Structures are given as C-alpha cells and as structure tokens.
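Q: No letters, just coordinates:
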C-alpha cells in the first residue's frame, strides 16, 4: 500500500461565462452580475479539474469504483473570488487514508482528499472531501 499523505496529479479547469450561466439557470440562482462565478465552481473545479479521476483515486486507496464510493462530507473554504473566463490550477492530495469496519459497508476506506484551486499566485478555494469507499473481498 502506498504512503499517505500522497500528492496527486495536478490539472486545470477552464471556467467560462456560458458554463456559469447554464449552472445558474439550472439551479435557479440569480444571474451573474460582474465577473464572479457561482460559488459551486470551487467544488466543480476540484472534481473536474483534478489530474486524477475518482476511479484512480479509489485504486490508489486499494478500492474499486465498482464498489460505489460515497461522498460523506465536503468542506469548502473560499479564499478569493473566482471570475469567469479564467483557467484555474487544481492541486490535490490524499491527506489521510483510514481503513475500518463499517456497519453499512463491511470493511471501508475513509479517504480525506484535499484540493487547492488557484489562479496565478492566488489560491481561490480549498476543498476537503471525506469519501467512504467500500472494500470488497476481491480488493482486500
């Protein structure tokens, strides 16, 4: 098993105005005034911009995506505005991996994954996900 914490591949996320507009419309949010994107884009950038897929993340933790990972919690810290028409850098790491019994899943891995979303020298947001990954017998 790999060492944790573990740095993951970095990636980028392009946030354009049309995507922000469609997202605001779909969740019945107010139209954008100015250039600042909807706050959900910290979460979206973390997942879509990371250089590591959820499937690979599961594998790195000794699990399979086929066993159905579950998002247990999400904590977002907003540090700077995220304007549209920008490309954001997404850095990520598995901060912690804990394996323990679960009443619902049997054996499960709890992964705490941290993302940093930035633009230029600015860190715009930090996202911390707690993902529970059931561990089937063939991945144990």
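A: It's in. Here the structure is a predicted model, which is why all the values come from computation and not from measurement.
Q: C-terminal to the longest strand along the chain, what's the next element?
A: Determined from DSSP state E, the single longest strand within the chain is strand 86-102. Sequence-wise, the next helix or strand downstream of strand 86-102 (DSSP states H and E) is strand 106-119.
Q: Mind listing what's buried along the helix or strand following that following strand?
A: Next along the chain after strand 106-119, taking DSSP H and E as the criterion, comes strand 122-134. Going by neighbour count (16 or more other CB atoms under 10 Å), the buried part of strand 122-134 is 124, 125, 126, 127, 129, 130, 131, 132, 133, 134. To be clear about C-beta, it is placed using only N, CA and C from the backbone, and glycine gets the same treatment.
Q: picking up where we left off before, tell me which strands and helices the longest strand of the chain is in contact with?
A: Secondary-structure packing of strand 86-102 (3 or more CB pairs under 8 Å, 6 or more residues apart in numbering; DSSP states H and E): strand 6-7, strand 11-15, helix 41-49, strand 106-119, strand 122-134.
Q: Among the buried residues of strand 122-134, which one sits closest to residue 110?
A: residue 132 (5.7 Å; CB to CB).
Q: beta partners of the closest one?
A: Assessed by DSSP bridges, residue 132 has beta-bridge partners residue 70, residue 110.
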